[in-house]
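Peer 1: Take a look and give me a structure for this.
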Amino acid sequence: MDHHNDKPAAPSEAPANLRVKDLFDFETWAWEKGVCELEYDESLDVFRFPEDGRFAFCREFADWRLLEERGYVDF
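Peer 2: As a prediction, this is how the structure comes out:
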C-alpha cells in the first residue's frame, strides 16, 4: 500500500477528556480482541484508516480532525 500521503492534517484539538494515550490503549485492546475498526500497522506501531490506509494515530499524536470527520471519535 502506498503511504506517500501520510502527512497529518492541520493540527486540531482532542475531544474533551480524551487523550491520545487513552485512544491508543483502547484501540490496541480492541485490535487484540479482533473488534477494532481501524487497521494496525505493526511495523510502525500506528493505526490507519481502513478506507485508504492514511495515518489515524499513534502513541504520541492523532489526526483528531480526520478521526472526527470519518466518525471514529463521534462524541
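Peer 1: pLDDT weak spots in the protein?
Peer 2: Residue ranges of the chain with pLDDT under 70: 1-17, 75.
Peer 1: hmm, 50 instead?
Peer 2: The model of the chain has no residue with pLDDT under 50.
Peer 1: got a list of contacts for the longest helix seen in it?
Peer 2: As assigned by DSSP state H, the longest helix anywhere in the chain is helix 20-33. Residues from elsewhere that reach helix 20-33 (C-beta atoms under 8 Å, 6 or more residues apart in numbering): 14, 36-38, 40, 47, 57-62, 73. C-betas here are computed from N, CA, C, even on glycine.
Peer 1: just checking, next helix/strand downstream of that helix?
Peer 2: strand 39-41 (DSSP states H and E).
Peer 1: so how far is that following strand from its chain's centroid?
Peer 2: 9 Å (C-alpha atoms, centre = their mean, to the nearest Å).
Peer 1: Report the buried residues of that strand.
Peer 2: Residues 40-41 are the ones in strand 39-41 that count as buried (16 or more other C-beta atoms under 10 Å).
Peer 1: Check which helices and strands the helix or strand following that strand is in contact with.
Peer 2: Sequence order places strand 46-48 as the next helix or strand after strand 39-41, per DSSP H and E. If you count contacts as 3 or more C-beta pairs under 8 Å, 6 or more residues apart in numbering; DSSP states H and E, strand 46-48 packs onto helix 20-33, strand 39-41, strand 55-57.
Peer 1: These: which one's closest to E69?
Peer 2: strand 55-57 (11.2 Å; C-beta to C-beta).
Peer 1: circling back: now the contacts of helix 20-33 as a markdown table including distance to D25?
Peer 2: Listed next are these as a markdown table, based on distance: C-beta to C-beta, whole Å:
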| residue | distance to D25 |
| --- | --- |
| A14 | 14 |
| C36 | 12 |
| E37 | 16 |
| L38 | 14 |
| Y40 | 13 |
| F47 | 12 |
| F57 | 11 |
| C58 | 12 |
| R59 | 9 |
| E60 | 13 |
| F61 | 15 |
| A62 | 13 |
| V73 | 14 |
